[in-house]
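Participant: Fold the following for me, if possible:
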Amino acid sequence: MDYSSYKGLKIERNGRILTVTIDRPEVKNAVNPLIHGEFSRIFGDIAQDPDVGVVILTGAGQAFSAGGDIGWLAALQSDPAATVAAIENDRRIQNSMLDLEVPVIARVVGPAVGLGCSLSLFCDFVYATPDARFADPHVSVGLVAGDGGAVIWPQLIGYARAKRYLLTGDPITGAEAAAIGLITEAVPLDEIDARVQAMAERLAAGATNAIKWTKASVNAGLKVTANAIIDRAAAYENLTMLMEDHRIAVAAFQNRSTPQFTGR
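Facilitator: This is a model prediction of the structure:
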């Protein structure tokens, strides 16, 4: 498989281990239209690559991903067609991650916010530093959590705890996330690379079909649940992207002020 067309994602192969790096470190790997489009394709491409046994997903520099680029979100407000296209990409990303049979390991340092949070939590293993920060603050910017949060948080930590974070947008540290089962393990910064690499090598050297099909069997039930949620959450997010509260929130973020929501 040739990954040379990818520009916002850096793709590196080491034997049967494929590392996908979100590569905008100057803005904490915020997701722009280029990266968003590439994420809608990358997991489908990996599924067609017989030489990949495991994937490592991470971010360049000191962040996993700060979520959607605020300039891009602002531009979407005046472009309904682009809004629909972005929502369609969100649906493709979620479905392609659930469909991918090879295991995916997230290495999280720094913030994993919004879509960045969903990308990490949809992985099969999530290793994060204790001070990493997971958050799905869609409601804080007047949006529905339509890019995966409504799907994956309740499955990992139950509905009561999931609503605690999804309805407020509050963050949770890597240490706290590990303690409640949101992620696999919190690992000190000086140990995380070795821990991720060791698991990747173990999986890559394992019984490929047994590992892939066990993951597919586990995900079968998750996909049934996800299919009941993804379209509804995406449709609601599409609506809220065009509403006044979202405009207010984006303007407040750009002005470094507190949004005063109107409920419209």
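Participant: Report the distance from the helix or strand hosting residue 119 to the chain centre.
Facilitator: According to DSSP states H and E, residue 119 maps onto helix 115-121. For helix 115-121, the separation from the chain centroid amounts to 2 Å (computed by CA atoms, centre = their mean, to the nearest Å).
Participant: CA atoms only: put that helix into CSV for me.
Facilitator: What follows is helix 115-121, C-alpha atoms only, in CSV (Å, rounded to 0.1, in the frame of the first residue of the first chain):
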residue,chain,number,x,y,z
LEU,A,115,-12.3,14.7,17.6
GLY,A,116,-8.8,14.0,18.9
CYS,A,117,-10.4,12.5,22.0
SER,A,118,-12.8,10.3,20.0
LEU,A,119,-9.9,9.2,17.7
SER,A,120,-7.9,8.0,20.7
LEU,A,121,-10.8,6.3,22.5
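Participant: and the closest residue to residue 226 other than its chain neighbours, what is it in contact with?
Facilitator: Using CB to CB, 6 or more residues apart in numbering and skipping the chain neighbours, the partner closest in space to residue 226 is residue 151 (4.8 Å). Any C-beta I mention is one placed from the backbone N, CA and C, and that applies to glycine too. With contact set as CB atoms under 8 Å, 6 or more residues apart in numbering, residue 151 has these partners: 94, 225-226, 229-230, 233.
Participant: Let's see that with 10 Å instead.
Facilitator: The contact partners of residue 151, taken as CB atoms under 10 Å, 6 or more residues apart in numbering, are 94, 98, 118, 121-122, 145, 222-223, 225-230, 233.
Participant: Residue 128: neighbour count?
Facilitator: For residue 128, the count of nearby residues is 28 (other CB atoms under 10 Å).
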